[in-house]
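A.B. asks: please work out how this folds:
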Amino acid sequence: MNKKEWANIACLLTAMIWGFGFIATASALETFPFFTTLALRFSGASLLYWMIFWFFKPSISKKGLCYSVISGFFLFMAFTLQTIGLKNSDAGTNAFLTSVNVVLVPYLMWMLFHKKPRGIQCLASFLCLAGILLMSCSEQGLRFRNGDWFSLGCAFFFAFQIIANDKASKEADPIAVNACQMSVAALLSIPCALMVDSWPEIVSIKAVLSMAYSILFATGVAYFLQTWAQKYTDASSASLLLSTECLFANFFAILVFHEVKTWTMYLGGGLIFVSILLVEAKGLRLSNPLKKSKISSEEMG
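C.D. replies: Numbers count the residues shown, from 1 in each chain. This is a model prediction of the structure:
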């Protein structure tokens with residue numbers, strides 16, 4: 001397997017960690033207010049990354065630092081708008097609109113950096129979005145409200161975060177990138193928490209463990225994997241594979257909460273799986289040993 005294939009696997013693993021993170025975050029939010037949750041999550045991850053940074057002392061260029069700071073700002077804005085949207089809409093519509101970034105990334109890369117998306121990337125992204133739509137629908141369907149504009153704005157910020165992270169990952173070590181971007185997100189979250197939230201009177205062990213998972217795995221490990229992966233794979237493929245978080249979240253909801261799913265959800269999961277195969281098939285064609293052998297023979301001839 002080449003580095004791009006390993007990078008795509010890392011993106012799927014990140015989505016899996018985030019999928020289970022939905023359960024942990026929901027549990028943490030039962031105790032901690034939203035901005036306090038963000039402040040603890042990003043501050044804890046930032047401290048962890050700076051400890052590792054101090055030990056390994058990875059390098060980072062000025063351009064890498066700039067992209068990392070921008071990525072941290074986009075990350076904070078995406079989470080904030082997602083929560084505002086969720087408070088003023090239903091979970092299914094919010095999840096679907098948030099995942100629109102899977103379609104936005106290829107075209108934003110085209111507009112900003114003149115990287116025209118391949119046909120198979122466009123097909124895979126729309127299949128994935130269709131799958132997410134089916135998995136997000138309730139029995140009443142998707143209902144659009146005023147709060148959905150915040151969810152759509154969240155999708156744009158997540159798309160820009162993936163693009164900024166893509167640029168940062170090419171300029172600096174993943175540890176350095178995340179130390180910077182988590183610090184920015186933490187510095188933006190802390191004042192909001194102090195102004196808006198109040199500390200809970202009782203903090204349960206369950207809430208502490210949920211927060212620990214969010215800090216160590218859903219933020220620390222997951223964003224390291226994402227940043228490392230984006231060094232070797234393109235932003236369009238990364239956005240699609242990361243969006244499978246929705247698929248894993250539903251899978252873990254079945255395992256943990258024994259939630260009953262409809263046939264539309266299973267169909268949606270199937271479409272997401274097909275979109276993953278399309279992305280992986282593109283990489284497999286490039287790494288096919290017979291094709292490589294043919295190219296080598298033509299070059300020698």
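A.B. asks: and the helix or strand Pro191 falls within, which residues are buried?
C.D. replies: Assigned by DSSP states H and E, Pro191 belongs to helix 174-196. Going by neighbour count (16 or more other CB atoms under 10 Å), the buried part of helix 174-196 is 174-190, 192-193. Any C-beta I mention is one placed from the backbone N, CA and C, and that applies to glycine too.
A.B. asks: tell me what it is packed against?
C.D. replies: For helix 174-196, the contact count by 3 or more CB pairs under 8 Å, 6 or more residues apart in numbering; DSSP states H and E identifies helix 34-56, helix 62-87, helix 148-171, helix 222-230 as packing neighbours.
A.B. asks: dump the ones you listed to CSV, plus mean neighbour count, distance to Leu277 and mean pLDDT.
C.D. replies: Formatted as CSV, the helices and strands packed on helix 174-196 follow (neighbours: other CB atoms under 10 Å; distance: least, CB to CB, whole Å; pLDDT from 0 to 100):
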stretch, mean neighbour count, distance to Leu277, mean pLDDT
helix 34-56, 19, 32, 95
helix 62-87, 20, 28, 92
helix 148-171, 23, 21, 93
helix 222-230, 24, 18, 97
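A.B. asks: so which of those helices is nearest Lys3?
C.D. replies: Across those, Lys3 has its closest neighbour in helix 222-230 (9.4 Å, CB to CB).
A.B. asks: pLDDT averaged over the helix or strand just after the closest one - what is it?
C.D. replies: Once helix 222-230 ends, the next helix or strand along the chain (criterion: DSSP H and E) is helix 235-242. Predicted confidence along helix 235-242 averages 91 (mean pLDDT).
A.B. asks: one step back: so the helix holding Pro191 versus helix 222-230, what angle?
C.D. replies: 140 degrees (axes from the mean of the first three to the mean of the last three CA atoms, to 10 degrees).
A.B. asks: endpoint to endpoint, stretch 212-219 covers what distance?
C.D. replies: Stretch 212-219 has an end-to-end distance of 10 Å (criterion: CA to CA, to the nearest Å).
A.B. asks: in this structure, which residue is most central in space?
C.D. replies: Leu242 (5.0 Å; CA atoms, centre = their mean).
A.B. asks: I figured that residue hits Ala15, correct?
C.D. replies: Yes - look at Leu242 against Ala15 with CB atoms under 8 Å: they come within range, at 5.4 Å.
A.B. asks: what comes into contact with the helix holding Pro191?
C.D. replies: Residues from elsewhere that reach helix 174-196 (CB atoms under 8 Å, 6 or more residues apart in numbering): 33, 35-36, 38-39, 42-43, 45-46, 49-50, 52-53, 56, 58-60, 64-65, 67-69, 71-73, 75-76, 79-80, 165, 168-169, 219, 223-224, 227-228, 231.
A.B. asks: what do you get for stretch 54-69?
C.D. replies: 164-165, 167-168, 171-173, 175-178, 180-181, 184.
A.B. asks: one more time with 10 Å, if that's ok
C.D. replies: Residues outside stretch 54-69 that contact it (CB atoms under 10 Å, 6 or more residues apart in numbering): 52-53, 163-184, 227.
A.B. asks: tell me which of the helices and strands packed on helix 174-196 sits nearest to Val256.
C.D. replies: Among the helices and strands packed on helix 174-196, helix 222-230 comes nearest to Val256, with 18.5 Å by CB to CB.
A.B. asks: alright, I will stop here.
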